[in-house]
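*Asks:* the following block contains a protein sequence and its predicted model.
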Amino acid sequence: MTYFRAVDPFPLESADHNKLHEFYARLGQGRLSTTRCAGCGRTAWPPRAFCAECCSDRFDWVDLPSAGTVHAFTVQATGLPVGFDGPRVFAIVEVDGHRVFSIIVDGDPSQIAIGQRVSLKPLRVGDDPQGHPRWLPAFTPV
């Protein structure tokens, strides 16, 4: 009997699988970006292939600032997926009015605080099935 994983913790963001591939390509270049609706001009987080406001599927890519502020966070010391070292700081980072669910790296978890300034530091995770690099948004304390 063959079993398949129900949930892949890393998105398949290769251009073959996802029309939002540009987000991950930019993230790999150290740029946090999102979509702006070409119809009504609204930006969204996370990036979307259609606008929740006007239902348009036309969008442009815009870069967001590479720094933000910790809005909320939690520290996970145990029960992390294989390949992730603990403790892991999960955070909601406010960037240009958007709240980005992320992790904080290269910081002492006991020193993280709400309101703290953080800077983008994308985290490379396992490659996609074609060997292309995959990235997740991550931040580091300023």
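*Replies:* Good, I have the coordinates.

*Asks:* by contact count, what packs against the longest strand along the chain?
*Replies:* The longest strand of the chain (DSSP state E) is strand 67-76. Packing contacts for strand 67-76, counted by 3 or more CB pairs under 8 Å, 6 or more residues apart in numbering; DSSP states H and E, involve strand 88-95, strand 98-104, strand 117-120. C-betas here are computed from N, CA, C, even on glycine.

*Asks:* next, the buried residues of the first one.
*Replies:* Of all the residues in strand 88-95, those buried under the rule 16 or more other CB atoms under 10 Å are R88, V89, A91, I92, V93, E94, V95.

*Asks:* repeat for the last one
*Replies:* Applying a neighbour-count criterion of 16+ other CB under 10 Å, the buried positions in strand 117-120 are V118, L120.

*Asks:* strands paired with that strand, and their directions?
*Replies:* strand 67-76 (antiparallel), strand 138-141 (antiparallel) (DSSP bridges).

*Asks:* just the second one next, same as before
*Replies:* Taking DSSP bridges as the criterion, strand 98-104 pairs within the sheet with strand 88-95 (antiparallel), strand 138-141 (parallel).

*Asks:* next, format those strands as CSV and append mean pLDDT and distance to V70.
*Replies:* Below are the strands paired with strand 98-104 laid out as CSV (pLDDT from 0 to 100; distance: least, CB to CB, whole Å):
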stretch, mean pLDDT, distance to V70
strand 88-95, 95, 5
strand 138-141, 96, 8
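
*Asks:* thank you, goodbye.
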